[in-house]
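Student: I need the structure of the sequence given here:
(one chain, ligands or ions: 1)
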Amino acid sequence: MITAADIKIKKTTSSRISQVDFNDLEFGKIIADHMFLSDYKDGEWSNEHIEPFGDISFTPTILALHYGQMVFEGMKAFRMKDGNVSIFRIQKHYERFMRSLERMCMPVMSYRLFEEGLTNLIKLDQAWVPNSEGSALYIRPFAFASEERFGVKISSEYKYIIFSGPVGPYYDKPLRVKVEDHFIRAAHGGTGSAKCAGNYGASFYPTHLAKMQGFDQVLWTDGSPDLNIEESGTMNVMFVIDGVLVTPPLSDSILDGVTRDSFLTLAHELGIHTQQRTVSALELESALEKNILQEAFGTGTAAVASYIQSIDIKGKDYSVPVPGENGVMTRIKKMLTDIRSGAAPDKYNWNTIIHI
Ligand code: COI
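Tutor: Sure, this is the predicted structure:
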C-alpha cells in the first residue's frame, strides 16, 4: 500500500510563483510549480513521484493520441479563513474517476494512491492556493494510454498525472444559452457519464456554432423529440420551477457532478424542495410563458454555479429572472463557499484539510 514515504519528491529550485498576478487568474493558464506522476505497467501502478512541472516526452504512437483512452477529473482546493487549505470531496471525485477509467477500459487505482498523490502535491504547492473571493487552486488529475503502438487495442501501459493551477471565477456574467436541437453531447449506452476527453472535444463544434450566434453555451438534450434537457455546456443544469429545485436525473448520458450532488444536499438542509426528474424544453417553454421559471443555472467544479439569463428554444429567446442575493442558487453557493472556507461547519466531512 502506498504511503507518503513511497512518493519520491524532487522540488523545484526556482519557483515561478513570484511571476503570477493573483488578481488576474485566467482559467487554465497558470500552472503551479510541481506535478505528481505514476506509471501503470505489468498490471500495476508504480513509480509514484513528484517533480517540477514541465514537459514529458513520448513518441507520436502512444495509444491515447489515436484512440482516445484519456480521462480526467476537475477538483479544487480552497484557502480557509484560518490560513489552512481544504481539498473538496476527494472521495466523491475518486469514485467518479474510477467509473470513468472503467468505462474507458483503463486500470483503476487504489484510493490511497489517489489521495496520497493529491495531498502531497497540494501540501508542496500550498502557497499557490489563492485567497481572494471566488478563487481556488484547480486540480487536474488525469490518466492516458501510453503504450507505444498504433494497432487498435486496449493499452497495456498508462500514465497518471496531477497538476494544479490557481483560478478565479469561471464566468463573470449570467449566461445566454440555447437548447441545442441538432447535435447531442451523449447518448444512452455512450460515454456521457464518464469524464473522458472525447466528450469535451466533441462538444466544441456545436458550442462554437452557438457562440457565433451570440450564445455563451448550449443546453444539451437527449436528442429525443421532447428535447429532454441533460446538461448546460460543461456543467450540470438546475431550474427553480414554482419554488422547486429541479434537475435532470443521473443516467449514463449525464455526468455525476460533485457540485450538483453538493447543491442537492445543501438545498435539502435549507428546506428547499428538490426533484431529480426529466425536464423537457416544452416544459421549460410553458414554465417561462407562465412566469414560474424562477431561476436557471449551471453547476460544476470550475464554475461552481452560474446563472442563466436567457434560454433560446427553437429560435425563440426567453428571459429568465436573475434573482440575486436571495435566490436559491446564491444561497446554496454561499453555504458551499462557507463550508469550504471553514466559515460554516463541515457537517458532511467534505473537506480534507492540509494544515499549514
Ligand atoms: C469542471 O467543471 O471542473 C470541468 O471539468 C469542466 C471543464 C473546466 C473541463
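
Student: all contacts plus neighbour counts: C-alpha atoms, from now on.
Tutor: Fine.

Student: Report the contact partners of the closest residue to the ligand within the stretch 1-150 of the chain.
Tutor: The ligand sits closest to residue 74 of the stretch 1-150 of the chain, with a gap of 4.0 Å, by CA to the nearest ligand atom. Shown in contact with residue 74 (CA atoms under 8 Å, 6 or more residues apart in numbering): 138, 139, 140, 141, 301, 302.

Student: from these, which ones fall inside helices?
Tutor: Among those, no residue falls in helices (DSSP state H).

Student: Just the buried residues of these.
Tutor: For those, a burial check counting by 16 or more other CA atoms under 10 Å picks out 138, 139, 140, 141, 301, 302.

Student: For the spatially closest residue to the second one that is not a sequence neighbour, which three-state class applies?
Tutor: Once flanking residues are discounted, residue 139 sits nearest to residue 164: 4.3 Å by CA to CA, 6 or more residues apart in numbering. Applying DSSP: H, G, I helix; E, B strand; the rest coil to residue 164 yields a three-state assignment of strand.

Student: before we move on, back to that, quick one: the residue of the stretch 1-150 of the chain closest to the ligand from residue 301, how far?
Tutor: Note on residue 74: its distance to residue 301, by CA to CA, to the nearest Å, is 6 Å.

Student: got the CA coordinates for stretch 32-48 in CSV?
Tutor: Only the C-alpha atoms of stretch 32-48 are listed here, as CSV (Å, rounded to 0.1, in the frame of the first residue of the first chain):
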residue,chain,number,x,y,z
ALA,A,32,1.7,25.6,-10.0
ASP,A,33,5.3,24.5,-9.5
HIS,A,34,5.0,20.7,-9.2
MET,A,35,3.3,17.7,-10.7
PHE,A,36,2.6,14.2,-9.4
LEU,A,37,3.2,11.2,-11.7
SER,A,38,2.7,7.4,-11.6
ASP,A,39,3.1,4.8,-14.3
TYR,A,40,1.0,1.7,-15.0
LYS,A,41,2.9,-1.2,-16.4
ASP,A,42,2.9,-5.0,-16.0
GLY,A,43,-0.5,-4.8,-14.3
GLU,A,44,0.2,-2.3,-11.6
TRP,A,45,0.6,1.4,-10.8
SER,A,46,4.1,2.2,-9.6
ASN,A,47,6.9,4.9,-9.7
GLU,A,48,4.9,7.5,-7.7
